[in-house]
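Visitor: Sharing a model prediction with you, sequence too.
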Amino acid sequence: MNFNQLVVKENVTVVDRSQKFQSDADIKFFLNELFNTAIEAVDPVLYLPDHLPRAPTGRTIVVGAGKAASKMLACIEGRWQGALEGLVIVPYGYGQKCDGVRIIEAGHPIPDLAGNIASQQILELVTGAGRHDLVIFLISGGTSSLLSLPLPGLTADDKAQIHNKLLKCGADIAEINCVRKHLSAVKGGRLAMAAAPARVVTFLISDVPGDDPSIIGSGPTIANNSSCHDAAEILAKYNINEPEVAIKLLKEGKNLEPSPTSSVFTDQSYQVIASPQLALEAAANLAKRRGIEPIILGDSIEGEAKEVAKAMAGIAQQVRNYGQPHSPPAVLLSGGETTVTVNGKGVGGRNSEFQLALALKLGGARGIFSLAADTDGIDGNGENAGAFITPDTLKNAALNSIDALHYLRHNNSAAFFKKLNDLFITGPTHTNVNDFRAILILPQT
């Protein structure tokens, strides 16, 4: 199923409780509709125009990074009265045509040379801003990897090495971004410091649990409350001892970001224009219109994907068996960002791993279907956004001599679902509000 080819067919507000699913394909289409509705609800075009600042007497410089950066930029260009200049960085394949502001594609999730060069150019752009200029900064999911200029004394390979280890060890996004900002020449408020005395307005699409603006994109223009010591402790927690030059920089703590009370933040403002909660509420509203009770479990759920799946399976079975907290038909909706401790060498990501663990825990329970996907369209190191499961997932695997537990142990979940033709493929969605999970529980027949 292709994200760009699917549309929500119904916008009615009345509840039709007579609707019946005729097949697994109907159910998958409904789950896909929930996902599409969630994505549409966090489109920056819906919110950004209402928050655009007044034009300056000087220049307007637009800079930023992330999976939604080009779409946010296009929205500004279509409504701004006056000249724009600047540069935004997007992942490979996410570029869109814009007029006055350059778009550069770079590596994600592992930073590369293109990102380093573009980050240096952004730093130089904002450093040249004056008191009568306006700097608009656009931040969305992927910023931390794309805006990747390391501190003096570090190489791009040094940062990439640490980042890769953090991704594989099970560190959560707050921990990862804490380390990244303290090894960066542009994060942790450093771009705000470089842009002073210009007015800086930051627009954020949240991809982190809790929507903390200092964590989203590692806070390039936001006051930072963590320390180099905190970052060093995170690396020690996960036994990351290399590269030595990075460990030494953190322990010495000499490359300090501006403090939260610094005057560089005096003429600064920010606005979180889209968040995971908005996406979940939109999906919940669609479910209600279809006569299915939505149960939002939370927009900031974290933890090891396999363990979160076990908990979700228990809730789904409680709904199915006892009608608590609501009787079927119901759909469990949740967001956040789970983690995966990588022990194998397979292909997959946190959402497909969640789905495989969920299928194993449910054990083929009738009437329970699920979609879990990353809202940016890419789950881990695969090309899929996520995967579907049905009550027959394990049965179909067994019929094809596919050992589900073996694939889970080797972090090879995407390969598992590919063999069953149950991968969920969307392509780039040009946004990111983290994971989207929808577990549908139907009445037993």
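Guide: Yep, that arrived. Numbers count the residues shown, from 1 in each chain.
Visitor: show me where the stretch 201-350 of the chain has helices.
Guide: 228-237, 244-252, 276-289, 305-322, 350-362 (DSSP state H, counting those that start in this stretch).
Visitor: Output these in a markdown table, with mean pLDDT, mean neighbour count and distance to residue 114 appended to each entry.
Guide: In this view, the C-beta of every residue, glycine as well, is placed from N, C-alpha and C. Output for the helices of the stretch 201-350 of the chain, formatted as a markdown table (pLDDT from 0 to 100; neighbours: other C-beta atoms under 10 Å; distance: least, C-beta to C-beta, whole Å):
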| stretch | mean pLDDT | mean neighbour count | distance to residue 114 |
| --- | --- | --- | --- |
| helix 228-237 | 93 | 18 | 25 |
| helix 244-252 | 90 | 16 | 21 |
| helix 276-289 | 97 | 21 | 29 |
| helix 305-322 | 97 | 19 | 30 |
| helix 350-362 | 98 | 27 | 26 |
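Visitor: Quick one: closest of those helices to residue 59.
Guide: Comparison of those against residue 59 by C-beta to C-beta identifies helix 276-289 as nearest, at 32.4 Å.
Visitor: Give the other helices and strands that that closest one contacts.
Guide: Counting contacts by 3 or more C-beta pairs under 8 Å, 6 or more residues apart in numbering; DSSP states H and E, helix 276-289 packs against helix 24-41, strand 293-304, strand 330-339, strand 435-441.
Visitor: most tightly surrounded among those?
Guide: Most buried of those, by mean neighbour count (mean count of other C-beta atoms under 10 Å): strand 435-441, with a mean of 26.
Visitor: okay, the angle between that one and strand 293-304?
Guide: 130 degrees (axes from the mean of the first three to the mean of the last three C-alpha atoms, to 10 degrees).
Visitor: Could you list the paired strands of strand 435-441 along with their orientation?
Guide: Note on strand 435-441: by DSSP bridges, its sheet partners are strand 330-339 (antiparallel), strand 368-374 (antiparallel).
Visitor: Adding mean pLDDT and distance to residue 272, write those out as a markdown table.
Guide: Formatted as a markdown table, the strands paired with strand 435-441 follow (pLDDT from 0 to 100; distance: least, C-beta to C-beta, whole Å):
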| stretch | mean pLDDT | distance to residue 272 |
| --- | --- | --- |
| strand 330-339 | 96 | 14 |
| strand 368-374 | 98 | 19 |
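Visitor: Tell me which of the helices of the stretch 201-350 of the chain lies nearest to residue 134.
Guide: helix 276-289 (26.7 Å).
Visitor: quick one: contacts of that closest one?
Guide: Residues from elsewhere that reach helix 276-289 (C-beta atoms under 8 Å, 6 or more residues apart in numbering): 8, 10, 12-16, 33-35, 37-42, 206-207, 209, 211, 293-294, 296, 299-300, 331, 333-336, 375, 433-434, 436, 438.
Visitor: hmm, back to that, reformat the helices and strands packed on helix 276-289 as a markdown table; add distance to residue 122.
Guide: As requested, these are exported to a markdown table (distance: least, C-beta to C-beta, whole Å):
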| stretch | distance to residue 122 |
| --- | --- |
| helix 24-41 | 27 |
| strand 293-304 | 29 |
| strand 330-339 | 26 |
| strand 435-441 | 29 |
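Visitor: Select, out of these, the one closest to residue 149.
Guide: Per C-beta to C-beta, nearest to residue 149 of those: strand 330-339, 24.4 Å.
Visitor: now the closest one and helix 305-322, what's the angle there?
Guide: Going by the same axes, to 10 degrees, strand 330-339 makes 170 degrees with helix 305-322.
Visitor: Residue 397 against residue 408, yeah?
Guide: No: look at residue 397 against residue 408 with C-beta atoms under 8 Å: they stay out of range, at 11.2 Å.
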